[in-house]
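S.K.: Here's a sequence, model it:
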Amino acid sequence: MTDMVFGAVATRHDEAILSRWWRTVDRWTIGFVVLLFVIGVLLGLAASPPLAERNGLGAFYYVKRQVAFGLLGLGAMIVISTFSPQRLRRLMVLGFMATFVSIALLPVLGTDFGKGAIRWYSLGITALQPSEFVKPAFVVFAGWLMSGASDLNGPPGRMLSFMTAVILAFMLVMQPDFGQAGLILASWGLMYFISGAPVRLLVSLGGLAGGAGWLAYTYSEHFARRIDGFLTSELDPTTQLGFATNAIQEGGLLGVGAGAGSVKWSLPDAHTDFIIAVAAEEYGVLVCLVIVSLFAAIVVRSLLRLLRERDAFVRLAGVGLSALLAMQALINLGVAVRLLPAKGMTLPFISYGGSSALATGVMLGCLLALTRRRPQDDMADVLGGGR
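M.R.: The predicted structure follows:
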């Protein structure tokens, strides 16, 4: 009866690995992700040729790269989704250590590619942005620490995860990359709340975050410029936000037609941070609503499956990963419609970007692995903190 309530599945010891994976994984979520990838490629066909022309490359140069990295990301998603929670935890803890070191070494070995922020490692044929990979790795790492804190004589996992989040956020701010730092802190705060943190403490942490934002506005010209541009009542039509706003208005409900949009010729980041503006102009608000619905469906389905999980690590890491995906999508969309200050944040599996596609594949693979239907532990194991 307990297993029926919590949605557990019986173990079949003689069942093939792929068969067991297909029976227990959230196939709807896989379908939604593939659909997002297809939409991203279609939008890339519209948004990236102008950039390729300006750079003297073939018209579909960036589209081909987007397909290649997207398929690698989907492959990583499928492989990681077959992992057990224990194996996933070990892999991501090691991955977090590696990405943490790589971010620490960015000031010495990294490059800014003329964009004013040292966020990448140049690998010749491509570039690697470690901040994209550290996000899912940190969430799993923090979930492991927080879940261990509930064990009898367990480590001070909440405090250790908080210190790690602050140090990591500080290193990201130094690039500067306030958006990724905010995602790290926000995902940690949500996981901390789920783990049973008192509201008073969360309010205090929110106050500290507000104070940190004030210091950033006071002493960081980069941060202040973004905030001032967001708060001004007059929008410069020649800025990226101005072009994006006009494109969304021009598109209306059904758009001006595939290939007929003009914003892609004016927006430098039309294929990355502002790709939703291209979608709105050429295909209309309805397609944008489809994209939003797909992200919402992935997050809601994941949270519903996590509701029947008893393992603290699975619940915490799963909620953190779901929130990470939702917040990144909301930030990208919010910037495009001027609900949030400008921030270089890609739209997962829609925007062009090799690091983003691979890291999103890793993140969704972790989420699928944690939301697979599996036999639940006995309640005595749960109360005792068994893993």
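S.K.: quick one, strands of the stretch 1-150 of the chain?
M.R.: Assigned by DSSP state E, counting those that start in this stretch, the stretch 1-150 of the chain shows strands spanning 121-122, 127-128.
S.K.: List the strands paired with the last one, with their directions.
M.R.: Strand pairing for strand 127-128, using DSSP bridges, gives strand 121-122 (antiparallel).
S.K.: what's the partner strand in contact with?
M.R.: Here strand 121-122 makes contact (C-beta atoms under 8 Å, 6 or more residues apart in numbering) with 102, 106, 109, 110, 111, 113, 127, 128, 129, 130. Bear in mind the C-beta positions are built from the backbone N, C-alpha and C, glycine included.
S.K.: Repeat that for stretch 59-78.
M.R.: For stretch 59-78, the external contacting residues (C-beta under 8 Å, 6+ apart) are 30, 33-34, 37, 40-41, 44-45, 48-49, 51-53, 271, 349, 352-354, 357-362, 364-365, 368.
S.K.: related to what we said a few turns ago, of all pairs in the contacts of strand 121-122, which one spans the longest distance?
M.R.: Based on C-beta to C-beta, the longest span within the contacts of strand 121-122 runs between 102 and 113 and measures 16.7 Å.
S.K.: Which one of those two is surrounded by more residues?
M.R.: Counted by other C-beta atoms under 10 Å, residue 102 and residue 113 do not tie: residue 102 has more neighbours, with 18 against 12.
S.K.: Now the more buried one: closest residue in space that isn't a chain neighbour?
M.R.: residue 130 (4.2 Å; C-beta to C-beta, 6 or more residues apart in numbering).
S.K.: Could you double-check that that neighbour lies in contact with residue 104?
M.R.: No - with contact defined as C-beta atoms under 8 Å, residue 130 does not count as touching residue 104 (9.5 Å).
S.K.: More neighbours: which of these two?
M.R.: With neighbours defined as other C-beta under 10 Å, residue 130 and residue 104 compare such that residue 130 has more, 23 against 13.
S.K.: Scan the chain for its longest helix.
M.R.: Assignment by DSSP state H gives helix 312-336 as the longest helix of the chain.
S.K.: Toward the C-terminus, what is the element adjacent to it?
M.R.: Scanning the chain past helix 312-336 towards its C-terminal end, the next helix or strand to appear is helix 354-370 (assignment: DSSP states H and E).
S.K.: what mean pLDDT does that next one have?
M.R.: Mean pLDDT, helix 354-370: 95.
S.K.: Compute the inter-axis angle for that helix and helix 312-336.
M.R.: 140 degrees (axes from the mean of the first three to the mean of the last three C-alpha atoms, to 10 degrees).
S.K.: and helix 354-370, what does it pack onto?
M.R.: helix 27-47, helix 61-81, helix 85-104, strand 127-128, helix 130-148, helix 285-306, helix 312-336 (3 or more C-beta pairs under 8 Å, 6 or more residues apart in numbering; DSSP states H and E).
S.K.: ok so, going back, got the confidence number for the residue nearest to residue 102?
M.R.: The predicted local distance difference test score for residue 130 is 92.
S.K.: hmm, which of the contacts of stretch 59-78 are the buried ones?
M.R.: Buried residues within those, counting neighbours by 16 or more other C-beta atoms under 10 Å: 30, 33, 37, 40-41, 44-45, 48-49, 51-52, 271, 349, 352-354, 357-362, 364-365, 368.
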